[in-house]
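S.K.: Let's see this in three dimensions:
(one chain, ligands or ions: 3)
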Amino acid sequence: MKRVDLRKDDWQKDPELSRIKNRGQGLESKYASSVLEIIENVKKYGDTAVFGYAKKFDRVDLTPENVKVSEEEIEEAFQKVEPKVIDAIKFAVDRVRKFHEKQLENSYFVTEPGIVLGQKVTPLESAGIYVPGGKASYPSSVIMNAVPAKVAGVEKVVMITPAIGTLEVNPYSLVAAKLSGVDEIYRVGGAHGIAAIAYGTESIPKVDKIVGPGNIYVALAKKFLFGTVDIDMVAGPSEILVIADETANPEWVATDLLSQAEHDELAGAFLVTHDEKLAEEVVDALYKKLETLKRKEIAEKSIENFGTVFLTKDVYHSCQVANEVAPEHLEVATKEPFALLDLIKHAGAIFLGHHTCESLGDYVLGPNHVLPTGGSARFFSPLGVYDFVKRSSILYVSKEGFKRVSEHARNLAECEGLEAHRLAVEVREAIKIPIKLEEKV
Ligand SMILES: NC(=O)c1ccc[n+]([C@@H]2O[C@H](COP(=O)([O-])OP(=O)(O)OC[C@H]3O[C@@H](n4cnc5c(N)ncnc54)[C@H](O)[C@@H]3O)[C@@H](O)[C@H]2O)c1
Ligand SMILES: N[C@H](CO)Cc1c[nH]c[nH+]1
Ligand SMILES: [Zn+2]
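M.R.: Ligands and ions are numbered 1, 2, ... in the order given. Model prediction:
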């Protein structure tokens, strides 16, 4: 892990801090052209391109007949999954649902004499959820994507996830999909899967919005297809930043850093502390634990690419550094974590206290684990029910209400030089109002 000493006046200009702050952009330039090519081909050639890429990247033979997961496969999955995992999935679905129900938004009206205004909240008709399946399978991500969509009232939730090497889709993900209310499942992933549900192909439906995390190909495909469909955010390779003081347990901190490093070679793991002794103990513990991990190769590369210890002046400085990095996950492993909450501005999710390990949030606590990465926590929020609804304004004026506002509207239309706008007001001011219709309302 790199050690970076930020105990200096111009710490914000430190080149290593800048590299970490710009971690998302560097990735984009490297992968953009191959993702754009995939998108173009799927748009032009539909199924043929999608199935070709599935063969090339995932070594599976997809056809129009087998690309959709059947009800029988889902039933079989329930036979394969251990009862304790089914219980855990039900437990998680329940907690995630309860948390997300708090995010439901109501339509509303405001009235004044002769005028009714309002906002109507409508669920999207369809949503596509991406569930990663490359280096690991993510039944927990099925829950985190599908449950808020269903709480919002989305009628058709289409899940895509890659089948790799064989046609079989991970049975845990299928069980999670059923228990979370997913309506259709297609065994396709990567940038080609995203393009397929953005444009629709002969055998894969088009959706209105695509949500969910994925690797760099998936994240970039979503970004480039924004406009053809809506997207939630850019949720790419996972990240964790831990702010720690002398009360932190080095082994716990080291394990939490590795818990995100093991997701992806491009994942980020950052320690920010003013305690040099703790920093060294965490690094020692991390390299010892790394040796024991099944996913050692991935975690090791991630630590090599982005693993960094930032040394700070004090815990308040640590919060400033965390804000610069704007991590997906921020753990505050300090004596009084709640006291620092006000100082933290940019993080996808904030885990307070020594026992709140990030992985509890990944699975069962309730808040969403689909979170902004690459520094985009400066402006994006966690995936939520609000991502699956849209709003329409409602406007009504009666004859009386019309009189209260028409003159100002007419004058503004005149100042903009838009004659038909002005006339639309004037023809009504000329009293030729369809009285009968007005009286009915
Ligand atoms: N931010 C979040 O909320 C969150 C949650 C869970 C997982 N994650 C992240 O999601 C990612 C999951 O990545 P993954 O790889 O395991 O699964 P994935 O499903 O996102 O990607 C795998 C697919 O990528 C495609 N692919 C592989 N190599 C390619 C190439 N050279 N060119 C084009 N396409 C290619 C393949 O089709 C493959 O099926 C990880 O980075 C993990 O950190 C993030
Ligand atoms: N930490 C990931 C979000 O970055 C989510 C996840 C799923 N399973 C385990 N972890
Ligand atoms: Zn995780």
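S.K.: what about the strands in this protein?
M.R.: Ranges of strands in the chain, per DSSP state E, are 2-5, 108-112, 115-123, 126-130, 156-160, 184-186, 209-211, 230-231, 239-244, 268-273, 308-311, 329-333, 349-352, 389-397.
S.K.: Turn those into TSV, columns for mean pLDDT and distance to ligand 1.
M.R.: C-beta here means a position set from N, CA and C on the backbone, and glycine is covered the same way. Shown next, in TSV, are the strands of the chain (pLDDT from 0 to 100; distance: least, C-beta to the nearest ligand atom, whole Å):
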stretch	mean pLDDT	distance to ligand 1
strand 2-5	97	20
strand 108-112	97	31
strand 115-123	98	22
strand 126-130	97	7
strand 156-160	98	9
strand 184-186	98	13
strand 209-211	97	10
strand 230-231	96	13
strand 239-244	98	8
strand 268-273	98	10
strand 308-311	98	17
strand 329-333	98	9
strand 349-352	98	9
strand 389-397	98	20
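S.K.: Export those strands to TSV and append columns for distance to ligand 2.
M.R.: As requested, these are arranged in TSV below (distance: least, C-beta to the nearest ligand atom, whole Å):
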stretch	distance to ligand 2
strand 2-5	22
strand 108-112	34
strand 115-123	25
strand 126-130	13
strand 156-160	15
strand 184-186	18
strand 209-211	13
strand 230-231	17
strand 239-244	7
strand 268-273	10
strand 308-311	18
strand 329-333	7
strand 349-352	9
strand 389-397	23
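S.K.: Tabulate those (a markdown table), appending mean neighbour count.
M.R.: Formatted as a markdown table, the strands of the chain follow (neighbours: other C-beta atoms under 10 Å):
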| stretch | mean neighbour count |
| --- | --- |
| strand 2-5 | 15 |
| strand 108-112 | 11 |
| strand 115-123 | 14 |
| strand 126-130 | 28 |
| strand 156-160 | 24 |
| strand 184-186 | 22 |
| strand 209-211 | 25 |
| strand 230-231 | 21 |
| strand 239-244 | 28 |
| strand 268-273 | 28 |
| strand 308-311 | 24 |
| strand 329-333 | 28 |
| strand 349-352 | 20 |
| strand 389-397 | 13 |
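S.K.: any chance of these in CSV, with distance to Glu300 too?
M.R.: Below are the strands of the chain laid out as CSV (distance: least, C-beta to C-beta, whole Å):
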stretch, distance to Glu300
strand 2-5, 14
strand 108-112, 53
strand 115-123, 44
strand 126-130, 27
strand 156-160, 30
strand 184-186, 34
strand 209-211, 31
strand 230-231, 32
strand 239-244, 16
strand 268-273, 11
strand 308-311, 15
strand 329-333, 20
strand 349-352, 24
strand 389-397, 42
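S.K.: what residues does the chain put near ligand 1?
M.R.: When proximity is defined by C-beta under 6 Å from any ligand atom, the chain lies next to ligand 1 at 34, 57-58, 132-136, 138, 141, 162, 164, 189-191, 213-215, 217-218, 235, 237-238, 263-264, 267, 328, 369-371, 373.
S.K.: neighbouring contacts of stretch 345-353?
M.R.: Applying C-beta atoms under 8 Å, 6 or more residues apart in numbering, the external contacts of stretch 345-353 come out as 241, 322-323, 325-333, 337-338, 341, 344, 357-358, 361, 367, 369, 371-373, 377-378, 380-382.
S.K.: out of the residues you listed, which are buried?
M.R.: If you count burial by 16 or more other C-beta atoms under 10 Å, the buried members of these come out as 241, 322-323, 325-333, 337, 344, 357-358, 361, 367, 369, 371-373, 377, 380, 382.
S.K.: Leaving out the residues flanking it, which one is nearest to the residue of the stretch 251-400 of the chain found nearest ligand 2?
M.R.: Of all residues in the stretch 251-400 of the chain, Asp362 sits closest to ligand 2, at 3.7 Å by C-beta to the nearest ligand atom. Nearest residue to Asp362 in three dimensions, chain neighbours excluded: His369, at 4.9 Å (C-beta to C-beta, 6 or more residues apart in numbering).
S.K.: Quick check, the one you found in contact with Tyr138.
M.R.: No - contact status for His369 versus Tyr138: not in contact, 9.2 Å apart, counting by C-beta atoms under 8 Å.
S.K.: hmm, back to that, where's the residue of the stretch 251-400 of the chain closest to ligand 2 relative to Ala198, distance?
M.R.: According to C-beta to C-beta, to the nearest Å, Asp362 stands 27 Å off from Ala198.
S.K.: Counting neighbours, go ahead and name the busier of the two.
M.R.: Ala198 (24 against 20; other C-beta atoms under 10 Å).
S.K.: quick one, what contacts that one?
M.R.: Ala198 sits next to Ile39, Gly128, Lys206, Val207, Ile210, Ala221, Leu225, Thr228, Val229 when contact means C-beta under 8 Å, 6+ apart.
S.K.: Give me the neighbour count for the residue of the stretch 301-441 of the chain found nearest ligand 1.
M.R.: Distances between the stretch 301-441 of the chain and ligand 1 by C-beta to the nearest ligand atom are smallest at Val370, namely 4.1 Å. Val370 has 23 neighbouring residues, counting by other C-beta under 10 Å.
S.K.: Thought Asn368 was touching Asp362, still the case?
M.R.: No - between Asp362 and Asn368 there is no contact under C-beta under 8 Å: 10.3 Å.
S.K.: which helix in this protein runs the most residues?
M.R.: Assignment by DSSP state H gives helix 23-45 as the longest helix of the chain.
S.K.: Mind jotting down where the helices sit in the stretch 251-400 of the chain?
M.R.: Per DSSP state H, counting those that start in this stretch, the stretch 251-400 of the chain carries helices over the ranges 276-292, 296-306, 315-325, 358-363, 399-416.
S.K.: does Tyr217 really touch Tyr31, like I thought?
M.R.: Yes - between Tyr217 and Tyr31 there is a contact at 6.5 Å, judged by C-beta under 8 Å.
S.K.: which one of the two has more residues nearby?
M.R.: With neighbours defined as other C-beta under 10 Å, Tyr217 and Tyr31 compare such that Tyr217 has more, 21 against 16.
S.K.: Perfect, I'm done here.
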